[in-house]
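Peer 1: Kindly generate the corresponding structure for this input.
(2 chains)
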Amino acid sequence: MKIRKNIAISDSGFLFNPSTGDSFSINPIGHEIVQMIQNEKSEIEIIDALTADYAIDKNTVEKDLYDFINMLKTHKLIE
Amino acid sequence: MSKPKYTIAVTGLNAIDSPGPGIAVIRALKEAESFDVRIIGLSYESLEPGIYMHDLVDKTYQVPYPSAGQQVLFERFQYINSIENLDFLFPNFDAELFNFITLSKRLEEELGIKSVLPTQEQFDARHKVNLFEYGKEHGIKVPFAKMVYGMNEIPAIANEIGFPLVVKGKFYDAKIAYSSDEAMKHFNKISAEWGLPVLVQEFVHGSEVNVCGIGDGNGVLLGAVPMRKLYITDKGKAWAGVSLDDENLLKVTRDLVAATKWRGPFELEFMKTNEDEYYLIEINPRFPAWCYLTVGVGQNQIEKLVNLGMGNDVEPFDTYEVGKMFIRYSYDMIVNMSEFEQISTIGEL
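Peer 2: Predicted coordinates:
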């Protein structure tokens, strides 16, 4: 799982896909996940990191993460 | 070294909610680095906003409607040229191109007015009623389409194409139909407004992407900028757009220009499917109203076209800035009645 190489990501969590012209604003948690994907963390590592940092159970994180990843796939932001 | 100064006539001064390209072309000409310009506006209506934009347009002359015929148009140019000594002509409307293409040789040989336009064959072949055949001939994907002359032909074609389908006017307008009844309703409305034939076209799912570019007439693409509309008006006109990084789209454009030896400016309209296939929807044989974006991203294609026409050296552009946006806006000018009176009565301002 990799963020497509030409996707521009700003510090504020604004994503721009120059191939399609689509742009997205993601919230701080989304931005954190995108940064972890950029740093080549696996899905399990991302789930562990989020459950360690936030008061939330693993099942909820897992479900939300897969939803988010599917959204990134739908918008062709990851490959 | 001093720059040459060209006197350039430009049409399409209707910078209204569905704007002509004239004002964008003039802004680009004013920013040309290789020459200075005097701009002569050519208008059809007295309320075209460009007539009154004196910081952009030095002088405007009314010209006859295309339906008045070529001789009347040529005589008007003889008069304008006797005063202005025009170097170059920039037509910007589809409807006037036929006359200007036909007259281009006379305008150049008898009056010394140059232009860079597609050939008559290119102009006719890319017409939307011929586009499917044009695509087949040049190896470009074009949605299947058929010309329809009567409402009763629609059910059989719909059977062949399936729903949804697109009903298009000969020159303008396109509507999506989800049933034969709806297609027939669109057929009646469009044929009443734009005449026959009406085009019934296969609907391609995807997002629209456009390319503004120039062909040199020998198969070389001199510049191309792909853009996606971010916001459109109810007439489908771009109100905002962004330049794209799309090498595949540029390749399709390059191949098309090489295959057709397109001469002059163009706007290509494509549908890009989810499988990243490109279907050519339309070729507009002129710069689009959003052509100033090409200047904004580092390709002054308008300047390049003039240099091509004036016989100066032209090298193809090879880069542009990706992720640059244009956002259109409206602006109210305050105009004295005397100016409106002058353009309306003597046809010059």
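Peer 1: Spatially central residue in the chain, please.
Peer 2: You didn't say which chain, so I picked chain A. Geometric centre of chain A, nearest residue: residue A:34, 3.2 Å, by C-alpha atoms, centre = their mean.
Peer 1: To clarify, I was referring to chain B.
Peer 2: Note: chain B centre (C-alpha atoms, centre = their mean) maps to residue B:286, 3.3 Å.
Peer 1: Just to be sure, that one is in a strand?
Peer 2: No. Residue B:286 sits outside any strand when classified using DSSP: H, G, I helix; E, B strand; the rest coil, being coil.
Peer 1: just checking, it touches residue B:262?
Peer 2: No. Using C-beta atoms under 8 Å, residue B:286 makes no contact with residue B:262, being 11.9 Å away. (Each C-beta comes from the backbone N, C-alpha and C, glycine too.)
Peer 1: need the contact list for residue B:284.
Peer 2: B:94, B:266, B:267, B:268, B:269 (C-beta atoms under 8 Å, 6 or more residues apart in numbering or on different chains).
Peer 1: Return the closest of those with respect to chain A.
Peer 2: Taking C-beta to the nearest C-beta as the measure, chain A lies nearest residue B:269 of the contacts of residue B:284, at 14.8 Å.
Peer 1: doesn't that closest one fall inside a strand?
Peer 2: Yes. Under three-state DSSP, residue B:269 falls within a strand.
Peer 1: need the contact list for it.
Peer 2: Here residue B:269 is in contact with B:208, B:210, B:280, B:281, B:282, B:283, B:284 (C-beta under 8 Å, 6+ apart).
Peer 1: one step back: max pairwise distance over the contacts of residue B:284: which two?
Peer 2: B:94 and B:268 (14.4 Å; C-beta to C-beta).
Peer 1: More neighbours: the two, which one.
Peer 2: A count of neighbours by other C-beta atoms under 10 Å in any protein chain shown puts residue B:268 above the other of residue B:94 and residue B:268, at 26 against 15.
Peer 1: who in chain B is up against chain A?
Peer 2: B:207, B:209, B:227, B:228, B:230, B:241, B:242, B:244, B:245, B:246, B:322, B:323 (C-beta under 8 Å from any C-beta of the partner chain).
Peer 1: does residue B:242 count as helix, strand or coil?
Peer 2: strand.
Peer 1: contacting residues around the lengthiest strand in chain B?
Peer 2: The longest strand of chain B (DSSP state E) is strand B:221-232. The list of residues contacting strand B:221-232 from outside it, by C-beta under 8 Å, 6+ apart, reads A:20-21, B:207-216, B:238-244, B:246, B:249-250, B:253-254, B:257-258, B:290, B:293-294, B:297, B:299, B:301, B:304-305, B:308, B:314, B:316-317, B:320, B:325.
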